[in-house]
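*Asks:* I would like the atomic coordinates for the input below:
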Amino acid sequence: MNKLKQINNREKLKTILLVFLFFSNLFFLFFNFNLINLDNLYINKFNDEELNSLTRIAVKNTIKPSKTFLHFGKYSDIDEGNHTIIFEESYNLYDDLKPVIKKAFSKQLNIEEIDYEDYINKRDKKSIEFQFKNALSYEFFELSLGLDDSNISKLQEIKQILIPILDDERVYIMTKDLKTYSIEAISQREIEILSSKYYKISESEYKRYYSIKYLYKINNNLLISIDNPEKLPYLTSKSIKDFDKEENIMFLAEQFLGSNLDFAKQIKETSGASSFIYGLGEKTLRISAGGDIEYKNESIQGHNKNLKEAYNSVVNWINKLNIDYSNLYISDYEEIYINNNKLYKFVFDYKLNGYNIKSKESDYALEIAAIKDDVYIFKSNIKTTGRVIYTDNGDNEKEQILNIDMILGKNLNLIKSIQGYLGFRDQEASTYMFGSLKDVNIIYFESASDIYFPSWYIEIDDTYYIFDIYKGEVLKYGKL
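*Replies:* Residues are numbered from 1 along each chain as shown. Below is the predicted model of the structure:
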């Protein structure tokens with residue numbers, strides 16, 4: 001506790017800036033949310049050459065980290081030093097460092113396995129770390145970096161990429177099974193360029209993160225923030241396209257079912273949704289009034305030759321429907337078998353102004369499996385925002401934001417019952433809970449009432465929880 005008090009005392013001068021940052025964030029958040037051109041979504045048509053060009057760009061831009069960490073190094077032997085997460089959309093560090101990563105992953109360079117603790121020691125010095133939501137196959141990196149072959153194919157799936165800032169000419173990798181590797185790839189000139197970008201960010205205002213191991217003496221290297229989160233408003237959600245207009249519904253139906261809809265039966269539901277059944281039911285499409293889209297084609301033929309071909313097909317469809325891929329990133333993928341044919345299904349997360357969007361109805365923004373020009377599954381939950389609304393007190397500024405300690409303490413009994421900690425005293429349960437934390441994020445959660453709640457997203461072992469950031473109430477939980 002003394003250590004936390006010392007840290008917080010050093011930071012009291014920053015308190016004056018919080019009110020200014022809140023109102024600045026409120027303005028830019030609302031402004032950025034309304035930059036989406038709703039009139040163009042789902043209506044642009046491209047010729048094959050334009051579509052192929054857009055697909056190549058989109059492939060590179062949808063394969064990106066979910067988090068970018070900057071690690072600022074130790075102040076002393078007993079002080080871990082602090083870390084921060086930056087919005088990749090604001091700094092484009094991953095794009096800037098792609099040439100370095102591409103060189104590191106090239107076929108001719110050797111990979112050396114290192115100890116996990118060596119990786120953590122490198123991380124806790126001055127470094128930049130890219131973390132992916134789930135471990136991704138080496139083929140994703142070959143696609144996004146433009147490599148026909150690479151030295152990472154034997155590693156299979158990559159979870160994190162670490163690039164030191166000091167005199168270390170290596171790139172470090174952590175795989176899905178927590179094995180760690182290094183590749184000598186960075187020149188002195190590249191280190192100087194990296195340092196310039198790094199120190200520019202380090203001199204700005206940032207939120208501090210520390211490892212659970214450092215803060216609570218519990219064996220967990222997950223980084224969490226001890227600063228109070230910034231003030232965020234509640235927002236209304238709305239469809240990215242006006243599906244009250246029949247022309248928009250019919251255009252989308254033609255994209256999935258073909259221009260000849262004579263064999264498709266349209267059903268108008270009392271909820272305002274439009275459903276289409278094609279033929280004897282082998283193809284079905286449902287477009288909700290709120291903009292959720294579900295399509296399935298049971299008659300699909302063929303298979304994906306490999307993951308790269310499958311991903312190109314999927315991204316081709318994202319472009320064909322003119323979905324804004326700049327806020328999409330690949331979150332997970334899996335092999336599926338349809339009529340004994342292998343396909344790949346891809347799941348994408350969606351960000352607005354740097355914050356992930358989650359929904360009460362689904363755990364994804366976009367789910368799609370495709371074979372060249374044909375789609376097997378397409379499910380979209382992508383929304384935009386309407387107006388800013390406030391808390392019950394009528395003012396977000398007066399409402400207290402709960403930090404991670406408060407949230408977990410307020411919901412300890414719920415977590416104990418779900419995680420199987422009921423037999424433990426509160427102190428023991430808290431120790432197990434912090435030791436089992438896998439992820440902690442601030443997100444926007446779309447409720448059934450079409451309101452975006454600023455929320456804590458927390459993963460404990462194989463269970464996730466979503467809590468209202470102001471009231472601490474659980475909004476959703478379930479198995480990962």
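
*Asks:* contacting residues around G272?
*Replies:* Under the criterion of C-beta atoms under 8 Å, 6 or more residues apart in numbering, the neighbours of G272 are D244, S288, A289. Using the backbone N, CA and C atoms, a C-beta is placed for each residue, glycine as well.

*Asks:* what about the nearest residue to L437 once chain neighbours are set aside, neighbour count?
*Replies:* Nearest residue to L437 in three dimensions, chain neighbours excluded: L222, at 5.3 Å (C-beta to C-beta, 6 or more residues apart in numbering). Residues near L222, counting by other C-beta atoms under 10 Å, number 17.

*Asks:* So L222 is in contact with N441, correct?
*Replies:* No: the pair L222 and N441 fails to qualify as a contact (C-beta atoms under 8 Å) at a distance of 11.3 Å.

*Asks:* Which parts of the stretch 101-250 of the chain are helices?
*Replies:* 116-123, 138-145, 188-202, 212-216, 246-257 (DSSP state H, counting those that start in this stretch).

*Asks:* Would you tell me which of those gets closest to I407?
*Replies:* helix 212-216 (14.7 Å; C-beta to C-beta).

*Asks:* mind exporting that closest one as CSV, just the C-alpha atoms?
*Replies:* What follows is helix 212-216, C-alpha atoms only, in CSV (Å, rounded to 0.1, in the frame of the first residue of the first chain):
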residue,chain,number,x,y,z
ILE,A,212,0.0,-7.4,-10.9
LYS,A,213,3.2,-9.1,-9.7
TYR,A,214,4.7,-5.7,-8.8
LEU,A,215,1.6,-4.2,-7.3
TYR,A,216,0.3,-7.1,-5.3
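
*Asks:* tell me the mean pLDDT for that helix?
*Replies:* For helix 212-216, mean pLDDT is 91.

*Asks:* so how far is it from its chain's centroid?
*Replies:* With C-alpha atoms, centre = their mean, to the nearest Å as the basis, helix 212-216 stands 25 Å off its chain's centre.

*Asks:* my guess is L194 meets D168, correct?
*Replies:* No: counting by C-beta under 8 Å, L194 does not reach D168; the two are 10.6 Å apart.

*Asks:* which residues are common contacts for these two?
*Replies:* By C-beta under 8 Å, 6+ apart, the residues touching both L194 and D168 are I186.

*Asks:* Just want to know which of these two has more residues nearby.
*Replies:* L194 (22 against 18).

*Asks:* The more buried one and I111: what is the separation?
*Replies:* Look at L194 and I111: by C-beta to C-beta, to the nearest Å, they are 21 Å apart.

*Asks:* Same question for I240.
*Replies:* As defined by C-beta to C-beta, I240 lies at a distance of 42 Å from I111.

*Asks:* got it, and I460?
*Replies:* Applying C-beta to C-beta to I460 and I111 gives a distance of 33 Å.

*Asks:* Compare neighbour counts for those two and give me the winner.
*Replies:* More neighbours surround I460 than the other of I460 and I111, with 23 against 17 (other C-beta under 10 Å).

*Asks:* so who does the residue lying closest to that one once chain neighbours are set aside touch?
*Replies:* Once flanking residues are discounted, I460 sits nearest to S436: 5.1 Å by C-beta to C-beta, 6+ apart. Neighbouring residues of S436 by C-beta under 8 Å, 6+ apart: N220, Q419, I460, D461.

*Asks:* Which stretches in the stretch 51-200 of the chain count as strands?
*Replies:* Taking DSSP state E, counting those that start in this stretch to define them, one finds strands in the stretch 51-200 of the chain at 67-72, 83-86, 112-114, 126-137, 157-164, 170-175, 180-184.

*Asks:* try the stretch 351-480 of the chain
*Replies:* Taking DSSP E, counting those that start in this stretch as the criterion, the stretch 351-480 of the chain contains strands spanning 355-359, 366-371, 374-380, 383-389, 437-446, 451-460, 463-468, 474-479.

*Asks:* chain center to the second one: distance?
*Replies:* On the basis of C-alpha atoms, centre = their mean, strand 366-371 is displaced by 18 Å from the centre of the chain it belongs to.

*Asks:* Then the last one?
*Replies:* Going by C-alpha atoms, centre = their mean, the spacing between the C-alpha centre of strand 474-479 and its chain's C-alpha centre is 18 Å.

*Asks:* in it, what's buried?
*Replies:* Neighbour-count burial for strand 474-479 flags V474, L475, K476, Y477 (criterion: 16 or more other C-beta atoms under 10 Å).

*Asks:* Then stretch 225-239?
*Replies:* 225-227, 230-239.

*Asks:* Buried deepest among the helices of the stretch 101-250 of the chain, which one?
*Replies:* Mean neighbour count (mean count of other C-beta atoms under 10 Å) peaks for helix 138-145 among these, with a mean of 20.

*Asks:* Now N61. Nearest residue, chain neighbours left out?
*Replies:* Spatial nearest neighbour of N61, chain neighbours left out: Y325 (6.0 Å); criterion: C-beta to C-beta, 6+ apart.

*Asks:* typo on my end, it should be S362
*Replies:* Once flanking residues are discounted, S362 sits nearest to N381: 5.1 Å by C-beta to C-beta, 6+ apart.

*Asks:* Can you give me the pLDDT of that neighbour?
*Replies:* On the pLDDT scale, N381 gets 89.

*Asks:* related to what we said a few turns ago, can you add pLDDT and give the buried residues of stretch 225-239 back as JSON lines?
*Replies:* Shown next, in JSON lines, are the buried residues of stretch 225-239 (pLDDT from 0 to 100):
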{"residue": "S225", "pLDDT": "87"}
{"residue": "I226", "pLDDT": "78"}
{"residue": "D227", "pLDDT": "78"}
{"residue": "E230", "pLDDT": "77"}
{"residue": "K231", "pLDDT": "82"}
{"residue": "L232", "pLDDT": "87"}
{"residue": "P233", "pLDDT": "88"}
{"residue": "Y234", "pLDDT": "90"}
{"residue": "L235", "pLDDT": "90"}
{"residue": "T236", "pLDDT": "90"}
{"residue": "S237", "pLDDT": "86"}
{"residue": "K238", "pLDDT": "83"}
{"residue": "S239", "pLDDT": "83"}
